[in-house]
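Visitor: Show me how the following folds:
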Amino acid sequence: MSPATASQTPLENRLLALLPGEDYERLLPHLNPITFALGDVLYEPGHAMNYLYFPTSAIASLIYTTAEGTTAEMGLVGNEGVVGIALFMGGNTTPNQAIVQVAGGAFRLQAQALRAEFRRGGPLQLALLRYTQALLTQISQTAVCNRLHPVEQRLCRWLLLTHDRVASDELRMTQEFIAHMLGVRREGVTVAAHDLQEAGLIRYSRGHITILDRQGLEATVCECYRVVKHESDRLLGQAPASRLPGGGMYGKPA
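Guide: Numbering: from 1, shown residues only. Purely as a prediction, here's the structure:
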């Protein structure tokens, strides 16, 4: 991880963009920009967390690794949320790992500053609790999807959730990495990716996936993707691309 570029702004994170001007300005001095590389670890299982991370262009995977060494993704976090909910839920540690799956920027907030703001009981607390509900929906729906749906639909769900959080149709992902995220054998991902490519929905080449037909992926995916997206939009609303100084609650949830 390294210092972020000057062009990065906290308002690229949807939760921070929801804050009224006064609350945002009070939090701003405590938000430190940072850039993550692919594979950077944000926290380890059982280790105390020191920061809450607000991704802007980075995406983190929440991963559980079994005693046998098998890994599977529980959920993913991009610019719609935060990494490190245990800090404000009172747990301080968690049994899973958070690792960067898409390199990019984020802002980090020290635990002490987070807890002080959270205790105010204002808009940040509400936004964080709403996001936690959305994340729990994603985690539970991922468990259902991995148990009941075929690999091709699970791959579609994962690609769509990732695509929602990046500003590009190009994704740098190896089949081995995707297999770890989905908790399946690499051969299963190879077959599923081939079928999606044959259908003209994606193009896969040397660790790069290009989304060719977003609507086609949405027609192929199971209902799990729509459940997760609907709940996230319901709870968090649609954050704006820009805001006026001193503005109120933008993109207010329904």
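Visitor: What separation is there between the nearest residue to Ala103 once chain neighbours are set aside and Thr174?
Guide: Closest residue to Ala103 apart from its sequence neighbours, by CB to CB, 6 or more residues apart in numbering: Leu38 at 4.7 Å. Any C-beta I mention is one placed from the backbone N, CA and C, and that applies to glycine too. According to CB to CB, to the nearest Å, Leu38 and Thr174 sit 10 Å apart.
Visitor: what does His163 give?
Guide: When His163 is compared with Thr174 (using CB to CB), they lie 17 Å apart.
Visitor: and what of Pro10?
Guide: Where Thr174 is concerned, Pro10 sits at a distance of 31 Å (CB to CB).
Visitor: quick one, which of these two is more surrounded?
Guide: Pro10 (20 against 15; other CB atoms under 10 Å).
Visitor: got a list of what the more buried one touches?
Guide: Pro10 makes contact with Leu16, Tyr24, Leu28, Leu31, Phe54, Thr56, Phe107 under the criterion CB atoms under 8 Å, 6 or more residues apart in numbering.
Visitor: Could you tell me which of the residues you listed count as buried?
Guide: Leu16, Tyr24, Leu31, Phe54, Thr56, Phe107 (16 or more other CB atoms under 10 Å).
Visitor: Assign a three-state SS to the fourth one, would you?
Guide: Here Phe54 is recorded as strand under DSSP: H, G, I helix; E, B strand; the rest coil.
Visitor: I'd assumed Cys224 was in a strand, is it?
Guide: No - secondary structure of Cys224 (three-state DSSP): helix, not part of a strand.
Visitor: What ranges does the protein have for its strands?
Guide: 31-36, 41-43, 51-55, 59-65, 71-77, 97-102, 104-110, 170-172, 202-205, 208-211 (DSSP state E).
Visitor: Can you point out the buried residues in the fifth one?
Guide: What it means is strand 71-77. In strand 71-77, counting by 16+ other CB under 10 Å, buried: Thr71, Ala72, Glu73, Met74, Gly75, Leu76, Val77.
Visitor: and these as TSV, adding pLDDT and distance to Gln125?
Guide: Output for the buried residues of strand 71-77, formatted as TSV (pLDDT from 0 to 100; distance: CB to CB, whole Å):
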residue	pLDDT	distance to Gln125
Thr71	83	33
Ala72	84	31
Glu73	87	28
Met74	91	24
Gly75	92	21
Leu76	94	23
Val77	96	19
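Visitor: which of the residues you listed lies closest to Asp213?
Guide: Asp213 has its nearest neighbour among those in Leu76, at 21.7 Å by CB to CB.
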